[in-house]
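Visitor: how would this look folded up:
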Amino acid sequence: MASECILRLRNEGSIDSIRYFECRRTLMEMLRDRGYNVSESDLTLTLPEFRSRFGQFPKPEALGVIVSHRSNPSNKVQVVFRGTDAISKKTLKEIYSQIVDHGNPSRLILVVQSKMTSCARKDLEICQYKLNDLMVNVTKHVLQPKYEILTANEKQELLKKYRVEEKQLPLMQRTDAIASYFGLEKGQVVKISHSGEMFNSLVTYRCVM
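Guide: So this is what the prediction gives:
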């Protein structure tokens with residue numbers, strides 16, 4: 001059955017285009033959820049439209065975007081897609097040159113398909129840009145509650161309301177899937193709203209550590 005489905009998809013179009021389409025759609029949803037200006041056309045792009053725009057065998061470098069944050073236009077994120085070649089120091093130099101050409105955004109998201117050399121990893125550890133791995137849209141799972149990222153003012157109001165310090169809030173690791181999806185930094189607070197048969201509008205808060 002699985003082989004028949006794959007054969008049907010190949011007849012309708014390339015597997016590469018399907019894989020890149022799904023990946024880019026998740027990326028656009030993630031950027032939107034992080035508060036960046038993502039066009040509606042990118043969010044609602046269908047597979048046929050994607051193929052018409054990028055072809056049956058998309059070139060990774062054509063899939064990237066650079067967008068500004070809604071609350072702070074100077075806060076920009078650049079997304080760079082790479083192919084199947086190993087990520088080396090030379091690759092990173094090429095990527096950094098692209099970043100400079102786009103006005104040095106504050107955050108860089110690398111979408112890679114291959115292994116990274118040890119030298120490249122060391123370079124990334126001292127990189128001036130904030131990097132995040134692309135992942136599936138974990139917020140879409142049926143069992144997931146609603147997540148809202150508090151602003152700095154909302155965080156202070158929360159601490160004042162409950163007369164607690166930041167360190168007294170329940171914690172969330174920066175490596176948590178939700179923290180990674182939203183690109184959260186240390187000290188940011190997430191409002192988590194549970195609803196359904198098991199919960200009656202339960203609201204909790206977690207501070208990223």
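Visitor: ok now do the nearest residue to Pro170 once chain neighbours are set aside, which residues does it touch?
Guide: Closest residue to Pro170 apart from its sequence neighbours, by CB to CB, 6 or more residues apart in numbering: Arg206 at 4.9 Å. Heads up, the C-betas are built off the backbone N, CA and C, glycines and all. Going by CB atoms under 8 Å, 6 or more residues apart in numbering, Arg206 touches 169-172, 189-190, 192.
Visitor: Distance check, the residue of the chain most remote from its centre against Leu171.
Guide: Largest separation from the mean C-alpha position in the chain: Arg163, at 33.4 Å (CA atoms, centre = their mean). Distance of Arg163 to Leu171, computed by CB to CB, to the nearest Å: 19 Å.
Visitor: Work out which residue lies at the spatial centre of this structure.
Guide: Met30 (4.4 Å).
Visitor: can I assume that residue is in contact with Arg107?
Guide: No: assessed by CB atoms under 8 Å, Met30 is found out of contact with Arg107, at 11.9 Å.
Visitor: what touches both of those two?
Guide: With the criterion set as CB under 8 Å, 6+ apart, the contacts of Met30 and Arg107 do not overlap.
Visitor: one step back: ignoring the adjacent residues along the chain, who's closest to the residue nearest to the centre of the chain?
Guide: Tyr181 is the one closest to Met30 (CB to CB, 6+ apart), at 6.1 Å.
Visitor: mind listing what the one you found touches?
Guide: 30, 33, 135, 137-139.
Visitor: Longest helix in the protein, please.
Guide: helix 15-33 (DSSP state H).
Visitor: which helices and strands sit right next to it?
Guide: Packing contacts for helix 15-33, counted by 3 or more CB pairs under 8 Å, 6 or more residues apart in numbering; DSSP states H and E, involve helix 2-12, helix 40-43, helix 47-54, strand 76-81, strand 107-111, helix 177-182.
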